[in-house]
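*Asks:* Here is my input; please provide its structure:
(chains A and B)
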Amino acid sequence: MIVEYESKQTSIHKLDPRAKFLWLVATIVISIIWTDPVYLLGLGLVTVVIGFMGGFPWAKMKGTFLFLLIITAIITLVQGATYIPKVVWLANPEKAAFHLIPGWVPAIGPALPLRIGGLIYGVCMALKVFVVLIAISVFGYVTSPSEVVQIIVRLPFVSYKSGFVVSAASKFVPVIQMQMATLRDAERSKGVDFDSGSFTDKVKKTTSMLVPLFANALSMADTMALAMESRAFGYSKNFTLIRPYQMRASDWLMVVLSIGGLAASIVFLAVFKMGAL
Amino acid sequence: MPLGQGALGLGVSYGLAVCYLLLMRLLGGILSKQYPEEHKVIWDTRTISRVTILAAVSGAGAMIKIPGPATTIALDAAAGYFAASYFGWPIGATVAAIGCFLANALGGFASWFPMVPIYMCAMAFTVTLGVFVAKKTNIVLAIIVGTIVNTVTCLGPWVIMIGPALMIALLPSQLIGSAVNAAVGLTVAQALRGAQKRGKRDMEEYIEPEDESLKM
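*Replies:* As a prediction, the model looks like this:
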């Protein structure tokens, strides 16, 4: 994750992980169905407020925001130049806001018009990306990885084995990274320079490091299987949870607000076109 | 005409993802029928632990960066190809899907979270197709097919949603990344299988003279 989980005593941290997950799902779905930038901006503001309530460290997102700003600016310009959507509230979406090659350029200007409809649509897409990124980052910051796994395991249509695989795999990533670092050091001690040579050379050098990595991984998997079987993993289809959760009033409030907000946005969009571009 | 990043565009993209899964099931079914000893999988504890560790390798692979000609290449899909070739397509597809999720999660879901399930389906289908072609023809053709299909399946939904203009810019890096992952995954699987065969042969050769000396 861009921002790692931090254990804090904020009102958002204290919420039941299921309530936080429902808020995340509702935010993502609403951001998908809405296409009006004003509405998306409102949704973004609500997400930012929740982030502030959870003590989210915004400074850590600076690099990611800057990178996304460049990407979304390109998307907006491309949409402005190539796409004219049907805008419900805009009288003339195909009207050019400005030209990339202005009129004072002799012989070729004005050319490459950026149309208002396309630009607004591009801004709306950029906002969608930002809203979802902020929501996921805030969720990741206020919800511990083990709580996320508890949510996956509790999903009615998902086998507990799937939850176990995702949980265990995420915990093994640092172990594999350490092995990779050891193998890289071993290769370096033999005189291999990973930074020099052509692209093909670099791929070959990395591949030579991956053969022992995969062999180690298979041996680790066998050891893990033995450890799991010694604890009778898979003996019964019924499983118990180490941490049973109990919903409190604040959790129910979050659930009601999330589901209510989602239902209202769908109904108002379908009936009154509220949130549509 | 792009369908946009709204419910319509995303709905069609999810429909496409379902098609990837159906195609994967079809190809996988053929593999399981024709090569049951290699592609029929029993989901016991050992299989689950293998999927777990290989998915972790896939997640960690996202942090192996090779500086490429167009952009930096991450080896996040190599474990999926490896698993499909070495343990059978069901394990490969599962590793590819979970590995894709982990790699995206570790990167902060920077490439728009609603697309992640589509990428997961695309990766599962690609590794199954890659191993299918490798089994029917050879590794080189499997790498070529895997590269093209991975590029099309991952960028296709974006073309549906926002049009081809931006995707053309992303094409070179996607093509190179897909090719390197397919080549690395399939080659490492072949190398390990070769080493395993050599190891077995060496063991047999080692045991044989010992028995003869005992007879003498």
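*Asks:* which stretches of the stretch 101-250 of chain A have low pLDDT?
*Replies:* Within the stretch 101-250 of chain A, the stretches with pLDDT under 70 are A:242.
*Asks:* mind redoing it with 80?
*Replies:* Low-confidence segments of the stretch 101-250 of chain A (pLDDT under 80): A:101-103, A:105, A:107-118, A:145-146, A:148-150, A:152-159, A:234, A:236-245.
*Asks:* which residues of it fall in helices?
*Replies:* Listed in chain order, the helices of the stretch 101-250 of chain A (DSSP state H, counting those that start in this stretch) span A:116-142, A:145-154, A:160-189, A:199-230, A:249-272.
*Asks:* Repeat that for chain B.
*Replies:* Applying DSSP state H to chain B gives helices spanning B:7-34, B:36-39, B:45-61, B:78-87, B:89-106, B:116-136, B:139-162, B:164-215.
*Asks:* Convert the fourth one to PDB, retaining C-alpha atoms only.
*Replies:* The C-alpha trace of helix B:78-87 is given here as PDB (Å, rounded to 0.1, in the frame of the first residue of the first chain):
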ATOM      1  CA  ALA B  78       6.300 -14.700 -14.200                       C
ATOM      2  CA  ALA B  79       5.200 -16.800 -11.200                       C
ATOM      3  CA  GLY B  80       1.800 -17.400 -12.800                       C
ATOM      4  CA  TYR B  81       3.400 -18.700 -16.000                       C
ATOM      5  CA  PHE B  82       5.800 -20.800 -14.000                       C
ATOM      6  CA  ALA B  83       3.000 -22.300 -11.900                       C
ATOM      7  CA  ALA B  84       0.900 -23.000 -14.900                       C
ATOM      8  CA  SER B  85       3.700 -24.800 -16.700                       C
ATOM      9  CA  TYR B  86       5.100 -26.600 -13.700                       C
ATOM     10  CA  PHE B  87       2.000 -27.600 -11.700                       C
END
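*Asks:* What is the burial count for residue B:87?
*Replies:* Using other CB atoms under 10 Å in any protein chain shown, residue B:87 is surrounded by 21 other residues. In this view, the C-beta of every residue, glycine as well, is placed from N, C-alpha and C.
*Asks:* which residue packs closest to it, ignoring adjacent ones?
*Replies:* residue B:50 (6.4 Å; CB to CB, 6 or more residues apart in numbering or on different chains).
*Asks:* Roughly how far does the one you found sit from residue B:90?
*Replies:* Counting by CB to CB, to the nearest Å, the gap from residue B:50 to residue B:90 is 11 Å.
*Asks:* is it true that residue A:126 touches residue A:76?
*Replies:* Yes: taking contacts as CB atoms under 8 Å, residue A:126 lies within contact range of residue A:76: 5.7 Å.
*Asks:* what residue ranges in chain B are flagged as low confidence?
*Replies:* Looking at chain B by pLDDT under 80, you get B:1-7, B:65, B:67-72, B:106-112, B:162-170, B:199-216.
*Asks:* let's see it at 70
*Replies:* By pLDDT under 70, the weakly predicted segments of chain B are B:1, B:69-70, B:108-111, B:166, B:207-216.
*Asks:* For residue A:253, the count of nearby residues, please.
*Replies:* With other CB under 10 Å as criterion, residue A:253 counts 12.
*Asks:* ugh, wrong one, residue A:238
*Replies:* Counted with other CB under 10 Å, residues neighbouring residue A:238 total 6.
*Asks:* Show me the contact partners of the host helix or strand of residue A:81.
*Replies:* Here residue A:81, judged by DSSP states H and E, is contained in helix A:62-82. The contact list for helix A:62-82 (CB atoms under 8 Å, 6 or more residues apart in numbering or on different chains) reads A:2, A:97, A:100, A:112-115, A:118-119, A:121-123, A:125-126, A:129-130, A:133, B:108, B:110, B:162-163, B:165-166.
*Asks:* and the closest residue to residue A:13 other than its chain neighbours, what does it touch?
*Replies:* Nearest residue to residue A:13, sequence neighbours excluded (CB to CB, 6+ apart): residue A:142, at 5.0 Å. Residues near residue A:142 by CB under 8 Å, 6+ apart: A:5, A:8, A:10, A:12, A:13, A:15, A:20, A:54, A:56.
*Asks:* Kindly confirm whether my reading is correct that the last one touches residue A:3.
*Replies:* Yes: under the contact definition of CB under 8 Å, residue A:56 touches residue A:3, with a separation of 7.2 Å.
*Asks:* still on that earlier bit, only the buried residues of the helix holding residue A:81, if you could.
*Replies:* For helix A:62-82, a neighbour-count test (16 or more other CB atoms under 10 Å in any protein chain shown) marks A:64, A:68, A:72, A:75, A:76, A:77, A:78, A:79, A:80, A:81, A:82 as buried.
*Asks:* Pull up the per-residue confidence for the last one.
*Replies:* In this case it means residue A:82. If you check residue A:82, the pLDDT there is 73.
*Asks:* do the fourth one as well
*Replies:* As summarised for this prediction, residue A:75 has a pLDDT of 78.
*Asks:* ok, it to residue A:124 distance?
*Replies:* Going from residue A:75 to residue A:124 by CB to CB gives 10 Å.
*Asks:* Now for the closest residue to residue A:153 other than its chain neighbours: which residues touch it?
*Replies:* The shortest distance from residue A:153 to any non-neighbouring residue, by CB to CB, 6+ apart, is to residue A:163 (3.6 Å). Neighbouring residues of residue A:163 by CB under 8 Å, 6+ apart: A:149, A:152, A:153.
*Asks:* how does it look with 10 Å?
*Replies:* Going by CB atoms under 10 Å, 6 or more residues apart in numbering or on different chains, residue A:163 touches A:148, A:149, A:150, A:151, A:152, A:153, A:154, A:155, A:239.
*Asks:* Quick check on those residues: which are buried?
*Replies:* Applying 16+ other CB under 10 Å to these flags A:148, A:149, A:150, A:151, A:152, A:153 as buried.
*Asks:* for the fourth one, what are its contacts?
*Replies:* By CB under 10 Å, 6+ apart, residue A:151 lies in contact with A:16, A:17, A:18, A:20, A:21, A:22, A:24, A:143, A:158, A:163, A:245.
*Asks:* which of those has the most neighbours?
*Replies:* residue A:20 (25 neighbours).
*Asks:* Just the buried positions in stretch B:42-55, please.
*Replies:* Going by neighbour count (16+ other CB under 10 Å), the buried part of stretch B:42-55 is B:45, B:46, B:47, B:48, B:49, B:50, B:51, B:52, B:53, B:54, B:55.
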